[in-house]
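# okay, here's the prediction I keep looking at, along with the sequence it came from:
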Amino acid sequence: MENTKKYFEKLLLKLEITLEDEKMEQMLNFLELLYEKNKVMNLTAIREKKGMIEKHFIDSLLLTKIIKNEEKSFIDVGTGAGFPGLVLAIFYPEKEFLLVDSVRKKINFIDEVVEKLNLKNVQTSFERAEELIKGKREVFDVGLCRGVANLRVILEYMIPFIQLNGRFLPQKLNLNEVAESKNALSKLSSKIENIHKFNLPDSCDERIILEIKKTKKTDEKYPRKTGIPSKKPL
C-alpha cells in the first residue's frame, strides 16, 4: 500500500505544484482530521485517504494555477469540510480567507482544524450568504465555490461579495450551466473571461474552473431574499 504522503507528492509532481515541507505536514494533518471525523460525521462521501487526496486536496490546489499574487482576500461559500478554501489557506499563509457554510457542524469541524494547525489567516461563518452580505458587500478580491448550486444561482450569491474587477473562480464538473447563465452574468455585470480545463492526475477525471470577472458594481437588490435565487434564477 502506497504511503499517503508519497501518493500526495506523486500527484503534486504530475501537476508541477510545489509544496514546502511545513505545508505538506499541515495538509496531511488536515487529511487525518478529516478521515477520522468522517467516520462519525458525514463530511464527505469519499471514505479512503487516497480518494480524499485526489478529489479534495489536489482538486482544490488546481486553483493555484490561476490565482494571482496580488489577490489577497478570498471568500469560499459552501465550503463544506473546507474545500477549496482551507487547502488554499494552508498553501497561501499570506492571504486571508473567509470560509462560509450554513451547516454549522461543518464550520465547527473547520474551526477545529484551524485551531489544531494554528492557522492565522482563516475566519469562518455559518451565516447564510443573504445575511452575511450586509457587512461584506464588495470587499473580496476573489470568490470561490466548488460544485454546489447551479451557476445561475451561485452567481447571484457570490458576485455581490466581490470587488469591482475582482474574480469569481467556480469549479464545475461540466459546462452545461454556462449557456443558461448568460442572463445572470449580464444582470450581475460579470463576464466569463476564461474556461480552464484540467485532468486530475490519477483518475484523469476532468475538472473545469471558470474565470469570471466583475465589470461593474452590483445593484444593491442582489442577492434577493432567501430562497428566491434558487426558485427564480436570473
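Cool, the structure landed.
# in which helix or strand would I find the residue nearest to residue 217 when sequence neighbours are not counted?
Using CB to CB, 6 or more residues apart in numbering and skipping residues adjacent in sequence, the residue nearest residue 217 is residue 164, 5.8 Å away. (Glycine included, C-beta is placed from N, CA and C.) In this structure, residue 164 sits in strand 162-172 according to DSSP states H and E.
# coming back round to it: who's in contact with the residue nearest to residue 217?
138, 214, 215, 216, 217 (CB atoms under 8 Å, 6 or more residues apart in numbering).
# if we use 7 Å, what do you get?
138, 214, 216, 217 (CB atoms under 7 Å, 6 or more residues apart in numbering).
# just name the closest of these to residue 158, please.
Residue 158 lies nearest to residue 214 out of the contacts of residue 164, by CB to CB, at 9.5 Å.
# pull up the gap between that closest one and residue 192, please.
Distance of residue 214 to residue 192, given as CB to CB, to the nearest Å: 12 Å.
# in this structure, which helix is the longest?
Secondary structure assigned by DSSP state H gives helix 21-37 as the longest helix of the chain.
# against which helices or strands is it packed?
Applying 3 or more CB pairs under 7 Å, 6 or more residues apart in numbering; DSSP states H and E, one finds that helix 21-37 makes contact with helix 49-52, helix 85-91, helix 104-117.
# can you tell me which of those helices is most buried?
Of all the helices and strands packed on helix 21-37, helix 85-91 has the most neighbours on average by mean count of other CB atoms under 10 Å, namely a mean of 26.
# what pairs with the helix or strand just after that one, parallel or antiparallel?
Next along the chain after helix 85-91, taking DSSP H and E as the criterion, comes strand 96-100. Under the criterion DSSP bridges, strand 96-100 sits next to strand 73-77 (parallel), strand 122-125 (parallel) in its sheet.
# including mean neighbour count and distance to residue 41, could these go into JSON lines?
Listed next are these as JSON lines, based on neighbours: other CB atoms under 10 Å; distance: least, CB to CB, whole Å:
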{"stretch": "strand 73-77", "mean neighbour count": "25", "distance to residue 41": "20"}
{"stretch": "strand 122-125", "mean neighbour count": "19", "distance to residue 41": "16"}
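# worst-scoring helix or strand of this protein, pLDDT-wise?
helix 176-179 (a mean of 87; mean pLDDT, DSSP states H and E).
# give me the contact list for that helix.
With CB under 7 Å, 6+ apart, helix 176-179 has contacts from 150, 151, 152, 192.
# okay, whichever helix or strand comes after that helix in CSV with CA atoms only?
Note on helix 176-179: by DSSP H and E, the next helix or strand toward the C-terminus is helix 182-187. Once non-C-alpha atoms are left out, helix 182-187 reads as follows in CSV (Å, rounded to 0.1, in the frame of the first residue of the first chain):
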residue,chain,number,x,y,z
LYS,A,182,-25.9,34.5,-19.8
ASN,A,183,-28.8,36.5,-18.3
ALA,A,184,-27.4,36.2,-14.7
LEU,A,185,-24.0,37.2,-15.9
SER,A,186,-25.4,40.2,-17.7
LYS,A,187,-27.6,41.4,-14.8
